[in-house]
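# Pasting the sequence and the predicted model now:
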Amino acid sequence: MAKNDLIGGSIWEEYSQKVQDLMNNPKNQGELTEEDAKRLGGELIVADFGAESCGDAVRLYWIVDPKTDKILDAKFKSFGCGTAIASSDTMVELCKGKTVDEAVKITNIDVEKAMRDTPETPAVPPQKMHCSVMAYDVIKKAASQYKGVDMESFEDEIIVCECARVSLQTLKEVIRLNDLKTVEEVTDYTKAGAFCKSCIKPGGHEEREYYLVDILDETRKEMEAEKLKATADAQASGEEVSFNDMTLVQKIKAIDSVIDDSVRQYLIMDGGNMEVLDVKQNGQYTDIYIRYLGACSGCASSSTGTLYAIESVLKEKLDPNIRVLPI
Amino acid sequence: MMKVYLDNNATTMVDPEVKKEMDPYFTEIYGNPNSLHDFGTACHPALRKAMDQMYEAIGARDEDDIVVTSCATESNNWILKGIYYDLIKNGEKDHIVTTEVEHPSVTATCRWLEEQGVRVTYLPVNSDGIVEAHTVRDFITDKTALVSIMWANNETGAIFPIEEIAEICKEKGVLFHTDGVQAIGKIPVDVTRAGVDFMSFSAHKFHGPKGVGGLYIKGGHPLTSLLHGGEHMGGRRSGTLNVAGIVGMGKAMELATYYLKFEEQNVRRLRDKLEDAILQIPDIYSVGPRDKRTPNTLLVSVRGVEGEAMLWDLNRAGIAASTGSACASEDLEANPIMSAIGADSELAHTAVRLSLSRFTTEEEIDYTIEQFKKAVERLRSISSSYAYMPENMKKQQEEGAHHG
């Protein structure tokens, strides 16, 4: 939040002039028929994408030259808001004259950039980026019909956020490299989820195959598992593992082992003993709660000299951030 | 180009008579009513008159409180959070009953209360867009602290059976709050006859100024304050009195009652004329039966045309309308009312709301009818819902149809 966010504006004020003009007068709106195809000597393709129940639906008409795969003419019809109409119109303009293979490379980001008035100002506000995705998906649908293949065959990667075109691979890499812990961080780093927000979690505008919350969760679990395995492997092969990298169970074992080796014998010699009650991570500190047994309990030194000695040994052998707390 | 304002359920024009009443309280009589000196006391007569106008307009008794707030959002927050502090936090009760179609200031507050551990039941509405009284009865338990149900809905204009619901709450010994924002000035509102315990309202919805509203509290029922500070409003709501606002709200409420008959006859006649003409266009549906709606409201669904696109075209023609549909709002969701009343999902994104006022003229309605038809025609000519599809491709399309 800041000064400019406090008084909300109308999203219409954020539409570029080009978007507004195309909403008012789409140039490529209309139908193409079998007769048109015959006249141009091409094949008619009619592709639908989206549904009225989702708030966006577009129908794309292509006439394709079967010899050269060139798109001879294209038109669209759209059920959608103004930006959906403008995006479809721009998409059709970009398709014309291209081969089908070239056309499938057009992305929603190309469509949005083509509608900008100036290169640096987005053509539509963030929540409207989604409308351009529809325009891009319908191209793949038309191409898949023309070539008789699945739409998915045009994607060489799994796109999680359609609006910003962020792939599953990229998301996992960014989470790992930057040790990201929240979805907000993922959005800040990748822009995924910054637009229509459908990909953040289930229950948004549309159902998705992958959600950022799950990807983050899974990646963090993978990272955690890998870390555990690395520590366990290191220990198994006799390598030195730093106290900090240990799991809680490993820490407890290490503490017990130091006490057994360097503390307990001296206490027993004086007719006493001790036990570890609990180990807690308290910020940077590892707090070890202990209880004295036998002669130690009630001994004047138990809260001074003896305690200092126990703590020093653990600090020296394991970690300087250990605190020993007698109960 | 003609400019037509048909978004009166969002806000209204301040009645020039209201503005005239308010005028002296900016530069002439500007003292703080809590001050002892003449500057302060000079505004007391006008404030007392405004309070009289408000009590009279909604049928409140002298032993009741009408606490002036900044808006109905504040009033709704206050009643819900107040009840939470008074009856729920101490473990006495744990439950609130409301509906799926309340204003966000009720729904969002209830969601927040849920995070605090309160159980909230959101009752669904029937195909007329209302919750029936017997449904409310079924969901009240021993642990229910409050029932909060709007008097009339902002989107559909549907009028809820407030008297019957109040009766049930009384019988069950549960407090009843109603959000009366869309009722005042549109239909008769008498809090005593209706038997409600609390009612929120806002001046700018009935030709008063923005930034002033109120909470009616039957019999001065205790309610933990939302705003602490000075001893304003009998200590119930602190903050220097919005003198001009209160004066304006009083006058606006008086006029709202005075013009009720006009609303019922003339505004209804214009609304019906608009509705009849729009329904002449094929594949257009209006939501909820006319006699169960506020007389100024019309929610229509235009098959094949997305709501925001419709608003865009109407706005270009100088007509202000509204939609809760997908693309006009931040979160891209379908109009929740359309889903709540169980409308065909294909229509969920096609809702357009037109809401009139006593200032709407016959010429404006004629012009709107003409422009509405034009907009539907243009947008349907672009719409994929009405576009050519070769027979042999239809089946193929249906098989592969999915979104994203």
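Noted; the coordinates are in hand.
# tell me the domain boundaries of the chain?
If you meant another chain, say so; for now it's chain A. Chain A is divided into the following domains under automatic domain parsing: A:8-155, A:157-240, A:244-326.
# ah, I was thinking of chain B
If you go by automatic domain parsing, chain B breaks into B:16-258, B:260-384.
# any low-confidence regions in the stretch 251-400 of chain B?
Scanning the stretch 251-400 of chain B with the threshold set as pLDDT under 70 gives B:324-336, B:341-342, B:395-400.
# mind listing the helices for it?
Assignment of helices within the stretch 251-400 of chain B using DSSP state H, counting those that start in this stretch yields the ranges B:260-262, B:268-279, B:307-316, B:336-340, B:362-382, B:391-400.
# before we move on, back to that, can I get the domains of chain B in CSV with distance to chain A and mean neighbour count?
All C-beta atoms are positioned from the backbone trio N, CA, C, and that covers glycine. As requested, these are arranged in CSV below (distance: least, CB to the nearest CB, whole Å; neighbours: other CB atoms under 10 Å in any protein chain shown):
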stretch, distance to chain A, mean neighbour count
domain B:16-258, 14, 20
domain B:260-384, 3, 20
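# Quick check, central residue of chain A?
Residue closest to the average C-alpha location in chain A (CA atoms, centre = their mean): A:L212, at 4.2 Å.
# What residues does that residue make contact with?
A:160-161, A:171, A:183, A:186-187, A:192-193, A:199-201 (CB atoms under 8 Å, 6 or more residues apart in numbering or on different chains).
# and what of B:A42?
B:29, B:31.
# Specify the beta-bridge partners of B:T69.
For B:T69, the beta-bridge partners are B:G213 (DSSP bridges).
# My guess is it contacts B:W78. True?
Yes. Contact criterion CB atoms under 8 Å: B:T69 and B:W78 qualify, at 6.8 Å.
# list residues touching both of the two?
The contact sets of B:T69 and B:W78 overlap at B:215, B:237 (CB under 8 Å, 6+ apart).
# and the domains of chain B as TSV, adding distance to A:Y15?
Listed next are these as TSV, based on distance: least, CB to CB, whole Å:
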stretch	distance to A:Y15
domain B:16-258	25
domain B:260-384	10
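# Residues in contact with stretch A:227-237: which ones?
Residues outside stretch A:227-237 that contact it (CB under 8 Å, 6+ apart): A:240-241, A:245-247, A:250.
# In strands, which of the contacts of A:L212 appear?
Within the contacts of A:L212, residues falling in strands by DSSP state E are A:160-161.
# Span of stretch B:131-144 from start to end?
Terminal residues of stretch B:131-144 are spaced 18 Å apart (CA to CA, to the nearest Å).
# repeat for stretch B:277-292
Span of stretch B:277-292 from end to end, CA to CA: 20 Å.
# do the same with stretch A:68-87
Stretch A:68-87 has an end-to-end distance of 27 Å (CA to CA).
# List the buried residues in it.
By neighbour count with 16 or more other CB atoms under 10 Å in any protein chain shown, stretch A:68-87 contains the buried residues A:69-87.
# One more: stretch A:180-197?
Residues of stretch A:180-197 classed as buried: A:180, A:183, A:186-187, A:189-197 (neighbour count, 16+ other CB under 10 Å).
# mean confidence score for it?
Averaging pLDDT along stretch A:180-197 yields 86.
# With just CA atoms, put it into CSV.
Extracted C-alpha coordinates of stretch A:180-197, given in CSV (Å, rounded to 0.1, in the frame of the first residue of the first chain):
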residue,chain,number,x,y,z
LEU,A,180,11.6,-19.3,-0.8
LYS,A,181,9.2,-20.1,2.1
THR,A,182,5.9,-18.3,1.2
VAL,A,183,3.7,-18.1,-1.9
GLU,A,184,4.0,-14.3,-1.7
GLU,A,185,7.8,-14.6,-2.1
VAL,A,186,7.3,-17.0,-5.1
THR,A,187,5.0,-14.3,-6.7
ASP,A,188,7.5,-11.6,-6.0
TYR,A,189,10.4,-13.6,-7.5
THR,A,190,8.6,-15.0,-10.6
LYS,A,191,5.4,-12.9,-11.2
ALA,A,192,3.5,-16.2,-11.1
GLY,A,193,0.1,-15.7,-9.4
ALA,A,194,0.4,-11.9,-9.7
PHE,A,195,-2.4,-11.6,-12.3
CYS,A,196,-5.6,-13.6,-12.3
LYS,A,197,-4.4,-15.5,-9.2
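# now check that stretch, is it near chain B?
Yes. Taking CB under 8 Å from any CB of the partner chain as the criterion, stretch A:180-197 and chain B are in contact, through A:196-197.
# So what touches that stretch?
For stretch A:180-197, the surrounding residues in contact (CB under 8 Å, 6+ apart) are A:126-127, A:129-130, A:133, A:160-161, A:163-164, A:166, A:170-171, A:174-175, A:178, A:199-201, A:204-206, A:212-213, A:215-216, A:220, B:331-332.
# these two touch, right, B:F176 and B:T144?
No. Here B:F176 lies out of contact with B:T144, judged by CB under 8 Å, at a distance of 10.5 Å.
# hmm, back to that, just the ones of the buried residues of stretch A:68-87 in helices?
When the buried residues of stretch A:68-87 are checked against helices (DSSP state H), the matches are A:82-87.
# so which of the residues you listed are also by chain B?
Near chain B, taking CB under 8 Å from any CB as the test, the members of those found are A:82-85.
# of all those residues, which comes closest to chain B?
Closest approach to chain B among these (CB to the nearest CB): A:G82, at 4.8 Å.
# how many neighbours does the closest residue to the closest one other than its chain neighbours have?
Nearest residue to A:G82 in three dimensions, chain neighbours excluded: A:M23, at 3.6 Å (CB to CB, 6 or more residues apart in numbering or on different chains). A:M23: 23 surrounding residues under other CB atoms under 10 Å in any protein chain shown.
# just the one 3 residues further on next, same as before
Here the number of neighbours of A:P26 (other CB under 10 Å) works out to 22.
# Ok, A:N4 next?
The number of residues packed near A:N4 is 7, by other CB under 10 Å.
# give me phi/psi at it?
phi -80, psi -10 (degrees, to the nearest 10).
# Got the confidence number for the closest residue to chain B within the stretch 201-327 of chain A?
Distances between the stretch 201-327 of chain A and chain B by CB to the nearest CB are smallest at A:H205, namely 4.1 Å. Looking at A:H205, its pLDDT is 72.
# That one against A:S198, yeah?
Yes. Between A:H205 and A:S198 there is a contact under CB under 8 Å: 4.5 Å.
# in which helix or strand would I find the nearest residue in space to B:E132 that is not next to it in sequence?
Take B:E132 and drop its neighbours on the chain: the residue closest to it by CB to CB, 6+ apart is B:N126, 6.3 Å away. Using DSSP states H and E, B:N126 sits within no helix or strand.
# What's the separation between B:N126 and B:E100?
11 Å (CB to CB, to the nearest Å).
# where exactly do the strands run in the stretch 201-350 of chain B?
B:213-217, B:284-286, B:297-302, B:319-320 (DSSP state E, counting those that start in this stretch).
# tell me the secondary structure for the closest residue to A:V263 other than its chain neighbours?
Counting by CB to CB, 6+ apart, A:V263 lies nearest to A:I310, which is 5.5 Å off, once chain neighbours are set aside. Assigned with DSSP: H, G, I helix; E, B strand; the rest coil, A:I310 falls in the helix class.
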